[in-house]
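In: can't give you the sequence, but here's the structure:
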Ligand SMILES: [Zn+2]
């Protein structure tokens, strides 16, 4: 699971969110353009790791859930140490 920490948000780089109201999370290797709203991956933000694990875990492999949960646990305490 490739992640990127931006401010206090952890992004999962292999996933992106389109502009749809629901079912907006896509895996980049499967979907580069949403067939419903028409937005493309490069126009949209990557998915948040915490939301991915919480709401879209059905899209993830068992390994991705394991690694993602670990990364969230490791990276989240780091966030609270950042100067506000
Ligand atoms: Zn869409």
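Out: Structure's in. What do you need? Note that this is a predicted model, so its numbers are computed, not measured.

In: Please make it C-alpha for all contacts and neighbour counts, starting now.
Out: Fine.

In: how about the longest helix along the chain: buried residues?
Out: Longest helix in the chain by number of residues (criterion: DSSP state H): helix 62-81. The neighbour-count check on helix 62-81 (16 or more other CA atoms under 10 Å) flags 65, 68, 69, 71, 72, 75, 76, 79 as buried.

In: Can you tell me how far residue 36 is from the ion?
Out: With distances defined as CA to the ion, to the nearest Å, the gap from residue 36 to the ion amounts to 5 Å.

In: That residue: how many residues sit nearby?
Out: 10 (other CA atoms under 10 Å).

In: For it, which non-adjacent residue is closest in space?
Out: Nearest-residue entry for residue 36: residue 20, 7.4 Å, with adjacent residues in sequence omitted and distances by CA to CA, 6 or more residues apart in numbering.

In: Burial check on that neighbour, number of neighbours?
Out: When counting by other CA under 10 Å, one arrives at 13 neighbours for residue 20.

In: Show the average pLDDT along the longest helix of the chain.
Out: In this model, helix 62-81 has a mean pLDDT of 85.

In: Show me what it is packed against.
Out: helix 49-55 (3 or more CA pairs under 8 Å, 6 or more residues apart in numbering; DSSP states H and E).
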